[in-house]
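**Q** prediction below, plus the sequence it came from.
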Amino acid sequence: MSALTTPRGPVLITGGAGYIGSHAAQLLMERGVETVVFDDLSAGHREAVRGEFVQGDLADTGAIADAIQRFKPVAAMHFAGKCYVGESVTEPGLYYQANVVNSLNLFRELQRAGVRDVVFSSTCATYGQPEVVPIPDDAPLGPITPYGQTKLDVENILASFSRAYGMRHACLRYFNAAGASPDGTLGEVHIPETHLIPLLLEVASGQRDELKIFGQDYPTPDGTCVRDYIHVCDLAQAHLSAISLLQGGVESLTCNLGTGQGFSVLEIVQAAREVTGHPIPVTVVEPREGDPAFLVSGGTRAASVLGWTPQRADLNTIIEDAWRFKRAHPDGYPSSCAESR
Ligand code: UDP
């Protein structure tokens, strides 16, 4: 394995005001790495920014070029993009624009400026309905939604840029990001919220009457979907390791980021009841379109290449951290309260 080389200059973090990007920026700063967050705040939050901040849109190539010229980043982490699977089905144009066209804009400006190293937020949705579970890092790809397809398209653009221009990249395919910074300052705030754990915590906070479980007839032990929940701080650590490997000269890599452990929706509900002490009523409704029964990482590359193993993989730890953030910010960040009014 090549030496890990902590970036010796600023790292450009697109989408750094969002859920995973903000945790990555916070970790980099803790490790003494300067950060420049580039975010249009369409989904991110100003209070979640750690480091320098440029409010900008990746559709605006001039704004990207200006930020690169001003801050001279040595590498980039690219989190910006749209992330709702269901919306991508009904509004695919938005997803191809935000995820593919805007990523291409970013990579072209980075390449022009000679910035070679990029860590990209990819997803297990690139696998679609997996043939083999747990899913190995080299499983066949077959996204079944525009969201997954756009992420795969970006991976392919990066591969072409590597071949043509020597840009090195790490494509990190996340499973289900969850949890929050243990200090309670950063966490998950999506408007609208669609993710399981934040919705359960809304019920526990009295903001929602019940959780609707999407289907209980899946071919899983209790009939509800099984997912691999990975702590957002572990994801942040993987990004730091990946950027440090690239800075150390390692070749490009693509890998899964999950714990390898699956939990059903009912198991998550039960864990949330235990952590919050709230009964959390549930009702079972129709399955959500496009939800595979079982998505769990079987990847080994993150351990062997990045030297990464999740440190906060325990399910109760994940939910406790999310609950701490929720209690400190019941309505999200102050700017999110303003947005939702
Ligand atoms: N889920 C559910 N009810 C909800 C939200 C999610 O039953 O209100 C289920 C969903 O079907 C999936 C799991 O919880 O099996 C995780 O969903 P989430 O949206 O958090 O992440 P995804 O797996 O879609 O990326």
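**A** Everything's here; your move.
**Q** for the rest of this, base every contact and every neighbour count on C-alpha atoms.
**A** Noted.
**Q** and the stretch 51-200 of the chain, which residues reach the ligand?
**A** Counting by CA under 6 Å from any ligand atom, the stretch 51-200 of the chain comes close to the ligand at 176, 194-196.
**Q** ok, 5 Å please
**A** 195-196 (CA under 5 Å from any ligand atom).
**Q** can you tell me how far the nearest residue to residue 146 once chain neighbours are set aside sits from the ligand?
**A** Computed as CA to CA, 6 or more residues apart in numbering, the closest residue to residue 146 that is not its neighbour in sequence is residue 88, at 5.4 Å. Distance, residue 88 to the ligand, by CA to the nearest ligand atom, to the nearest Å: 12 Å.
**Q** for the helix or strand containing residue 88, buried residues please.
**A** Element membership of residue 88, judged by DSSP states H and E, is helix 85-90. By neighbour count on 16 or more other CA atoms under 10 Å, the buried set for helix 85-90 is 85-86, 88-89.
**Q** which one of the residues you listed is nearest to residue 114?
**A** Among the buried residues of helix 85-90, residue 88 lies closest to residue 114 (CA to CA), at 32.5 Å.
**Q** right, and the closest one touches residue 95 too?
**A** Yes: counting by CA atoms under 8 Å, residue 88 does reach residue 95; the two are 5.9 Å apart.
**Q** tell me how many other residues crowd residue 70.
**A** Residue 70 is flanked by 9 other residues according to other CA atoms under 10 Å.
**Q** quick one: the strands in the stretch 151-300 of the chain?
**A** 168-174, 176-178, 211-214, 226-227, 229-231, 253-257, 263-264, 282-285, 294-295 (DSSP state E, counting those that start in this stretch).
**Q** what comes into contact with the helix holding residue 88?
**A** Helix 85-90 has contacts (CA atoms under 8 Å, 6 or more residues apart in numbering) with 94-95, 145-148, 289.
**Q** low pLDDT regions in the stretch 1-150 of the chain?
**A** Residues of the stretch 1-150 of the chain that meet the criterion pLDDT under 70 lie in 1-2.
**Q** and if we set it to 50?
**A** Along the stretch 1-150 of the chain, segments meeting pLDDT under 50 span 1.
**Q** so which residue of it comes closest to the ligand?
**A** Per CA to the nearest ligand atom, residue 85 is where the stretch 1-150 of the chain lies closest to the ligand, at 7.1 Å.
**Q** now swap in the stretch 51-200 of the chain and tell me
**A** Counting by CA to the nearest ligand atom, the stretch 51-200 of the chain gets nearest the ligand through residue 195, at 3.3 Å.
**Q** residues in contact with that residue?
**A** Per CA under 8 Å, 6+ apart, neighbours of residue 195: none.
**Q** cool, residue 251 as well?
**A** Going by CA under 8 Å, 6+ apart, residue 251 touches 168-169.
**Q** any idea how far residue 306 is from it?
**A** 12 Å (CA to CA, to the nearest Å).
**Q** repeat that for residue 328.
**A** Distance of residue 328 to residue 306, given as CA to CA: 33 Å.
**Q** again with residue 261
**A** Distance from residue 261 to residue 306, by CA to CA: 19 Å.
**Q** and residue 95, what element?
**A** Counting by DSSP H and E, residue 95 is part of helix 92-95.
**Q** would you mind putting the CA coordinates of that helix into CSV?
**A** Provided in CSV are the C-alpha atoms of helix 92-95 (Å, rounded to 0.1, in the frame of the first residue of the first chain):
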residue,chain,number,x,y,z
PRO,A,92,-34.6,12.6,-14.5
GLY,A,93,-33.6,15.8,-16.2
LEU,A,94,-32.8,17.4,-12.9
TYR,A,95,-30.6,14.5,-12.0
